[in-house]
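Participant: give me the fold of what follows.
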Amino acid sequence: MLQFQTGDPAYLECNSGFIMKYDVVIVGAGPSGSTAAKCLAEKEVKVLLIDKKKFPRDKPCGGGLPTRVLKRFPYVIDLIDSISYGSITYSSSLKYRLKIQRDRPLIATILRKNFDYGLVKIAVAKGVDFLDEKTVTDIKILKDKAIIILEDGEKIESEIVIGADGARSVIVEKSNLVKNTDDICVSLVQEQTMLEEQLKKYFSEKRTIHIFIKIQGIAGYGWIFPKKKHVSVGIGEFESAVDKSKPKTNLKEIYEKYIDTLKENNILPRDFKIENPKGSTLPVFPLEKTFADRVLLCGDAAGFINSITGEGIYYAMTSGEIAANVTDEALKANDTSERFLSKYQKLWKDEFGKDLKLFGRFNKQWGKDSEKFVRLLTKDKKLAKLTMGVTGGQISISRYRLAIIFRYIYVSFKDRFSRDK
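Facilitator: Coordinates of the predicted model:
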């Protein structure tokens, strides 16, 4: 999808040997990059959005979208595939099950191929130039400009570069902002079509999602997200919570056992096949520094992930919006220095930094026994509501942390007293 037309100045400059010039170049056309591009174009900033993949492209992802994304970015409503109104959360043994049914949406679900491509098209409609199948290999930060170097040798000049190119970000690496860490989430997921009769039979018209805490003993969880005509089935393990003294797990073997277990318990159809599950890795903690001279980082490239669930689209789009606002201010002030751009980090920390920090503290819990916790959730509606609200992205963990802790202590004592009797 090449968005240059033969009459465009950028096209003519490129093909006549001159370097293309933009106010801002955004590397990576996922939710964070497309959001930043759209916001900047609305401010009449000349933007180029680049991605190494051919669009539309798929991406391994469960496709669960917190409803707060729809509230903050209402223009994405047309890109939603389905809405889920209920969930069932299982303990690792499947003995305890927390069922939630609601009349209002619990989460939205998306097909990443359609969602991401839709966001790109919205940005292009606002005036963004889009270049796909172009790999950025290097950037040079000079006193008066940034130079983006492509794999084929082409060079592009800009005032600012926004790195939105995912967990293995070239922009992060070339800006010396990389953080060597094993704190990642590794997942396997497959998304395939399913007959309407089966979707209704197993997940009802409410498209009930299923969450399996520490399934097969992993330091993470499994999921089933039913959609309009598809179902996403996957598992994710948080390496930061894995006991390093134990043998390394084979996620593919665990995934196969996981699917067998779901079939045996009539949670998935007997004829459900394992078909080419795709793997992915995600950072689970933010980088210590997300800015440099002429550079800002957002989305997965910056490590903006809920380290309890692995959800990142809300943080991706929100950080893209914040990055766009700071970039616009920097261009107007003619100051693209690290000092000026540092306000970006303060703004995202004010917006969601406390939540990410708290999620990080609770991340280690994935390595501990969760059977008791799920059992207690089934016994107390208030604790269940608070916990599911935080993990589902409806409420802020930093705001409700103490309420959850005190409620858990109360329910634990109440449970112990009743069992002693």
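
Participant: all helices of the stretch 301-421 of the chain, in order?
Facilitator: In the stretch 301-421 of the chain, the helices defined using DSSP state H, counting those that start in this stretch lie at 313-333, 338-341, 343-348, 354-362, 371-379, 381-391, 397-420.

Participant: mind listing what's buried along the second one?
Facilitator: The neighbour-count check on helix 338-341 (16 or more other CB atoms under 10 Å) flags 340-341 as buried. C-beta: built from backbone N, CA, C; applies to glycine.

Participant: then stretch 102-110?
Facilitator: Of all the residues in stretch 102-110, those buried under the rule 16+ other CB under 10 Å are 105-110.

Participant: kindly check the end-to-end length of that stretch for me.
Facilitator: 19 Å (CA to CA, to the nearest Å).

Participant: give me the contact list for that stretch.
Facilitator: 63-67, 69-70, 79-87, 100, 207, 209, 225-227, 232, 392-393 (CB atoms under 8 Å, 6 or more residues apart in numbering).

Participant: out of the helices of the stretch 301-421 of the chain, which gets nearest to Glu239?
Facilitator: Nearest to Glu239, of all these, is helix 354-362, at 13.5 Å by CB to CB.

Participant: check the offset of that closest one from the chain's centre.
Facilitator: Offset of helix 354-362 from its chain centre (CA atoms, centre = their mean, to the nearest Å): 16 Å.

Participant: rounded mean pLDDT for that helix, please.
Facilitator: Mean per-residue pLDDT for helix 354-362: 88.

Participant: please name every helix or strand in contact with that helix.
Facilitator: Counting contacts by 3 or more CB pairs under 8 Å, 6 or more residues apart in numbering; DSSP states H and E, helix 354-362 packs against helix 397-420.

Participant: can you state the direction angle for the helix it packs on and helix 354-362?
Facilitator: On the basis of axes from the mean of the first three to the mean of the last three CA atoms, to 10 degrees, helix 397-420 is oriented at 40 degrees to helix 354-362.

Participant: pLDDT (mean, whole number) over helix 397-420?
Facilitator: So the average pLDDT for helix 397-420 ends up being 84.

Participant: just to revisit the earlier point, ranking the helices of the stretch 301-421 of the chain by burial, who's on top?
Facilitator: helix 313-333 (a mean of 23; mean count of other CB atoms under 10 Å).

Participant: just the CA atoms of it, as PDB, please.
Facilitator: Extracted C-alpha coordinates of helix 313-333, given in PDB (Å, rounded to 0.1, in the frame of the first residue of the first chain):
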ATOM      1  CA  ILE A 313      -3.600  -1.300  22.800                       C
ATOM      2  CA  TYR A 314      -5.000   1.300  25.200                       C
ATOM      3  CA  TYR A 315      -1.500   2.400  26.200                       C
ATOM      4  CA  ALA A 316      -0.400   2.300  22.600                       C
ATOM      5  CA  MET A 317      -3.000   4.700  21.300                       C
ATOM      6  CA  THR A 318      -2.900   6.900  24.400                       C
ATOM      7  CA  SER A 319       0.900   7.200  24.200                       C
ATOM      8  CA  GLY A 320       0.600   7.900  20.400                       C
ATOM      9  CA  GLU A 321      -1.800  10.800  21.200                       C
ATOM     10  CA  ILE A 322       0.500  12.200  23.900                       C
ATOM     11  CA  ALA A 323       3.500  11.900  21.600                       C
ATOM     12  CA  ALA A 324       1.700  13.700  18.900                       C
ATOM     13  CA  ASN A 325       0.800  16.600  21.200                       C
ATOM     14  CA  VAL A 326       4.400  17.000  22.500                       C
ATOM     15  CA  THR A 327       5.800  16.700  19.000                       C
ATOM     16  CA  ASP A 328       3.500  19.500  17.800                       C
ATOM     17  CA  GLU A 329       4.500  21.700  20.600                       C
ATOM     18  CA  ALA A 330       8.200  21.000  19.900                       C
ATOM     19  CA  LEU A 331       7.800  21.900  16.200                       C
ATOM     20  CA  LYS A 332       6.000  25.200  17.100                       C
ATOM     21  CA  ALA A 333       8.700  26.100  19.600                       C
END
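
Participant: circling back to that earlier point, of the helices of the stretch 301-421 of the chain, which approaches Val284 most closely?
Facilitator: Per CB to CB, nearest to Val284 of those: helix 354-362, 7.4 Å.

Participant: can you map out the strands along the stretch 201-350 of the chain?
Facilitator: Ranges of strands in the stretch 201-350 of the chain, per DSSP state E, counting those that start in this stretch, are 209-213, 220-226, 230-238, 278-283, 291-292, 295-297.

Participant: and the third one, which residues are buried?
Facilitator: By neighbour count on 16+ other CB under 10 Å, the buried set for strand 230-238 is 230-238.

Participant: quick check, nearest of the residues you listed to Asn265?
Facilitator: Nearest member of the buried residues of strand 230-238 to Asn265, counting by CB to CB, is Val233, at 13.6 Å.

Participant: for that closest one, give its distance to Leu262.
Facilitator: 8 Å (CB to CB, to the nearest Å).

Participant: hey, what's in contact with both of the two?
Facilitator: By CB under 8 Å, 6+ apart, Val233 and Leu262 have these common neighbours: 224, 268, 272.

Participant: got JSON lines for those residues, with distance to Gly353, pLDDT and neighbour count too?
Facilitator: Output for the shared contacts of Val233 and Leu262, formatted as JSON lines (distance: CB to CB, whole Å; pLDDT from 0 to 100; neighbours: other CB atoms under 10 Å):
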{"residue": "Ile224", "distance to Gly353": "31", "pLDDT": "97", "neighbour count": "20"}
{"residue": "Leu268", "distance to Gly353": "38", "pLDDT": "95", "neighbour count": "21"}
{"residue": "Phe272", "distance to Gly353": "40", "pLDDT": "94", "neighbour count": "18"}
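
Participant: closest one of those to Gly360?
Facilitator: Nearest to Gly360 among the shared contacts of Val233 and Leu262: Ile224, at 26.5 Å, using CB to CB.

Participant: please name the nearest non-neighbouring residue to the most centrally placed residue in the chain.
Facilitator: Geometric centre of the chain, nearest residue: Gly312, 2.3 Å, by CA atoms, centre = their mean. Leaving aside its sequence neighbours, Gly312 sits nearest to Ile305 (CB to CB, 6 or more residues apart in numbering; 4.5 Å).
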